[in-house]
Structures are given as C-alpha cells and as structure tokens.
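*Asks:* Just the structure for this:
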Amino acid sequence: MSDHLGLYALLAPTFILLAVFCLVPFVIAFATSFFDYEVGGDAKFIGLSNYLEYFHDYTFLQSFANMLLLTAFSVVMVMIVPLVVAKLIFSLSSERASYFYRILFLLPIVIPNVAVFLIWQSVVYSEIGLVNSLLKAIGHGELARGWFSDPRTSIWALAFIGFPFAGGINILIYYAGLTSIPDSVHEAATLDGATGLKKFVLIDVPLVMSQIKLLVMLTIIGGIQAFEGIYIVTKGGPGFTTTVPGLWMYFNAFKFQRMGYACAIGVILFLLIMLLTVINLRYFKTTEQLQGQV
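*Replies:* Residues are numbered from 1 along each chain as shown. Sure thing, here's the model as predicted:
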C-alpha cells in the first residue's frame, strides 16, 4: 500500500497541473456559456440563449461546411500520403538511406506553423507567387488570380497549404507501425503471392490500422479546433468563405467581447469532438481488434 501511495504522490503534480490549467478553465467556460458576459462587465444569466443564437447565426452553416471540408480533406491526406511515403522508406534496402530520409522528412517540423502559413500566403499564393508564375510560364496566365481573395478558390487554397502533406511525425508513426509487422508475416505473404500493391493493401494497411486510427482522430480534433492558420492567412474572408467555428469563437471572445457566446461555441465544438471520438473508438477497429476477428 505504501508503494502505491508513493506512485500516487509522483502522479499528483501532473494531475494538479492538468486540473488547474485544463479542467478548471473548461468548467469555467461551460458555466460562462449560460451567461451574457462581456469582459469587464456584469454577467447576466440567460440559460441556453447563447446556444440557440449560435444555431441561428448567419455564419453557422457556412463555417461548419468549411470546417467539415477542410477536416475531411486533411483526414484523406493523412491516411494516404504519409503512409505511402513511410512504406517507400521502409522498403529501402539500405538502412542508412532509410535513416537519412526519415531525418529529411522530419526536418520541416522545426519551422513554426506561423512561418509556414506566411510563406504560403506571400510566396506561393500571392499575385506574383509561385502558383501564378507557374501558370503564366506554361501559357495559362488567364487562370492566375488572388487565390485567397477569390471566393471560388479561397477554401481550396487553404486546404492545400502543407502540400505535399508528407508530415514528418505522421510518417514516423506509420513507419513505426510498419516496422512492428513480424518478418514471418512478410514471408507468408510472399509465399502466398502477395507482393507490391496487393501486399500493401491486404497486409500492410490492416496491420497499421492502430496508427491510422490514432492519426485520423488527431487530425479530426485538430481540424475542429483549427483557427490560427486561417486567421493569419485570410481572417475568415473574403466574406465568410473561409470562416470556421473556431475562428468565429475567437472573434466573439476577443474582438466583440462576447465571452459567454464564445464559450457556448467552444462547448459545442467540445461536444462534437467527444462524439466523434466515441464513434472512432467504437467503430474504427485497431490492428489488435482486426487480428482478434481472424
């Protein structure tokens, strides 16, 4: 029992910090969502009015559609590109070359996200940026435009920030999953005639399903919470064509000073994340669960 008390004592600072900086702010935000509250002003209890107002907000449908599009696009990319790259690195015959490429793909993570968004805004998508210059060079200058200022292209321009989507951490997670597959499985697949793309689809993908499940959930959570990159690049414009719920929450909290309304939006996003997490845990099977069904 004394040994257990020692372990609990070691864990206590972590739980205390989590409570102070994560749980307590959430409880305060949840309580504030039932008030009409402006920073520095008096709080007036209004019940569910903030929630009802948001569902009738003129940005509601547009912002949720934008969030779903960006999140779905990110999920598809994270399920395909990093996994294919990880498989290519894993298939290299030279361990030194494999190590080199893992380091190479990991290097970009040292660049702050703010710098990445500014580079895409000013270097890639600007009026004289790489995209427009390339279109003019191949004789399609009529397609050049302000990619973030055109309502028809702004949301897709945002979606393609980060191209070619080969994130270093994602590649390493998939690579770790591939290396955990026993050699006997690869040998049995070869004897059964499963090679190349067939082996990748039927053997490798099911055996890294735990990694896919993890990255899909993290991508969904990040997509629902995202707003900082959009704020840097478009500030939700033109109009509301790139507005997402997280950005609208930020504007209401720190520009319009409607803290209660912003907290209500935050609670709605939290409930959405919790729902999708439960669905993911319940219906998206891990490698171990798939093996248990065989």
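*Asks:* what are the ranges of the helices in the stretch 1-150 of the chain?
*Replies:* Using DSSP state H, counting those that start in this stretch, the helices of the stretch 1-150 of the chain run over 2-18, 24-32, 49-55, 60-90, 95-106, 113-119, 130-137.
*Asks:* Just the angle for the fourth one relative to helix 95-106, thanks.
*Replies:* The reference is to helix 60-90. 160 degrees (axes from the mean of the first three to the mean of the last three Cα atoms, to 10 degrees).
*Asks:* show me where pLDDT drops low in the chain?
*Replies:* 1-3, 194, 285-294 (pLDDT under 70).
*Asks:* go again using 50 as the cut-off
*Replies:* For the chain, the stretches with pLDDT under 50 are 294.
*Asks:* Among the helices of the stretch 1-150 of the chain, which comes closest to Lys198?
*Replies:* helix 60-90 (13.1 Å; Cβ to Cβ). Backbone N, C-alpha and C define where each C-beta goes, glycine included.
*Asks:* in the closest one, what's buried?
*Replies:* 60, 62-64, 66-67, 69-71, 73-75, 77-79, 81-83, 85-87, 89-90 (16 or more other Cβ atoms under 10 Å).
*Asks:* before we move on, the earlier item: which stretch among the helices of the stretch 1-150 of the chain comes nearest Phe160?
*Replies:* That would be helix 60-90 among these, by Cβ to Cβ, at 8.6 Å.
*Asks:* same for that closest one, what does it pack against?
*Replies:* Using 3 or more Cβ pairs under 8 Å, 6 or more residues apart in numbering; DSSP states H and E as the contact test, the elements touching helix 60-90 are helix 95-106, helix 154-159, helix 168-179, helix 209-225, helix 245-254.
*Asks:* As TSV, these with distance to Glu142 would be great.
*Replies:* Output for the helices and strands packed on helix 60-90, formatted as TSV (distance: least, Cβ to Cβ, whole Å):
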stretch	distance to Glu142
helix 95-106	36
helix 154-159	18
helix 168-179	37
helix 209-225	33
helix 245-254	32
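*Asks:* Could you point out which of those sits nearest Glu53?
*Replies:* helix 245-254 (10.5 Å).
*Asks:* From the contact counts, what lies against that closest one?
*Replies:* Helix 245-254 packs on helix 60-90, helix 209-225, helix 228-233, helix 259-283, going by 3+ Cβ pairs under 8 Å, 6+ apart.
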